[in-house]
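> A structural model of the following input is requested.
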Amino acid sequence: MNFDEMSVTQPAILPAILPAILADTAAIGFSMASDLLTGNLLRTLASTKPAGRFLELGTGTGCGSAWLLAGMDKRATLLTVENNRQAAEIAQRHLANDPRIAFHVGDGGEFLEAIQEQAQRFDFIYADTWPGKYTHLDEALNLLKIGGIYLIDDMLPQPNWPADHPPKVAWLIETLSKRKDLRLTMMQWSTGLILAVKI
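Numbers count the residues shown, from 1 in each chain. Have a look, this model is predicted:
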């Protein structure tokens, strides 16, 4: 395969468990699963953190989790947080047998507030829900180690955005851009990504 033949619309290889997760996701009409291109990047970035501690805010049905696990090594761990119990049950059904993953089912904002008092810090945070992104941003970034990766998606207009959402996206981009403790790369690719590293 040469560069011109590479697909920019879908990854060549999916995690083995992903088709089953996607089928169950479609069955319940859940429309907020991670994009395949974002997932492929998650897998690649996860491979840069051997024995890393990963935090996913917004498990959904486990699509992003599956991509992260596919890139993590055997010593890495993933803590994933979701408040939608129906979605979380799908993720748990397909992924709970992997000893590297732990699930927290509950409000993401409350989770981020509660964990501040603990000594936990993470090498990688994927924020795919409101807490840790549009709310509780400082709390999420406080959990990120120096050199740690913070990734968010859905920065480009999406069909399911409510009318009042674009100003929130603009606020988030501006807020992240002004932070002195982050280096950012903004990508008009997939659903629109911001990749940040804490310095």
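> for the protein, what are the low-confidence residue spans?
Along the chain, the model assigns pLDDT under 70 to residues 1-10, 12.
> For the protein, just list every one of the strands.
Secondary structure of the chain (DSSP state E): strands at 53-57, 77-82, 101-105, 122-127, 144-152, 182-187, 193-198.
> just checking, P11 touches N40?
Yes. Proximity of P11 to N40 meets the contact threshold set by CB atoms under 8 Å, at 3.8 Å. Where C-beta positions appear, they are placed from N, C-alpha and C, glycine not excepted.
> neighbour-wise, which of the two wins?
N40 (21 against 16; other CB atoms under 10 Å).
> Give me the residue at the spatial middle of this protein.
Note on the chain: the residue nearest the mean C-alpha position is Y126, at 3.0 Å, using CA atoms, centre = their mean.
> Quick check, that residue in contact with K49.
No. Taking contacts as CB under 8 Å, Y126 lies outside contact range of K49: 11.8 Å.
> most tightly surrounded among the strands of the chain?
strand 53-57 (a mean of 26; mean count of other CB atoms under 10 Å).
> What angle do strand 144-152 and that strand make with each other?
40 degrees (axes from the mean of the first three to the mean of the last three CA atoms, to 10 degrees).
> what's next to strand 53-57, contact-wise?
46, 64-65, 68, 72, 76-81, 108, 112, 120-129, 131-133, 140, 143 (CB atoms under 8 Å, 6 or more residues apart in numbering).
> what angle do that strand and strand 77-82 make?
Using the same axes, to 10 degrees, strand 53-57 lies at 10 degrees relative to strand 77-82.
> Could you check how far V169 is from A51?
34 Å (CB to CB, to the nearest Å).
> More neighbours: which of the two?
V169 (18 against 11).
> Would you confirm that the more buried one contacts I152?
No. At 10.0 Å, V169 does not count as touching I152 under the criterion of CB under 8 Å.
> residues touching R43, list them.
Contacts of R43 by CB under 8 Å, 6+ apart are P15, W67, L68, A70, G71.
> Out of those, which is nearest to A163?
Nearest to A163 among the contacts of R43 is W67, at 30.8 Å by CB to CB.
> Next one: A27 relative to R93, how far apart?
From A27 to R93 the distance is 12 Å (CB to CB).
> meant to ask about L22, not that
L22 is 13 Å from R93, by CB to CB.
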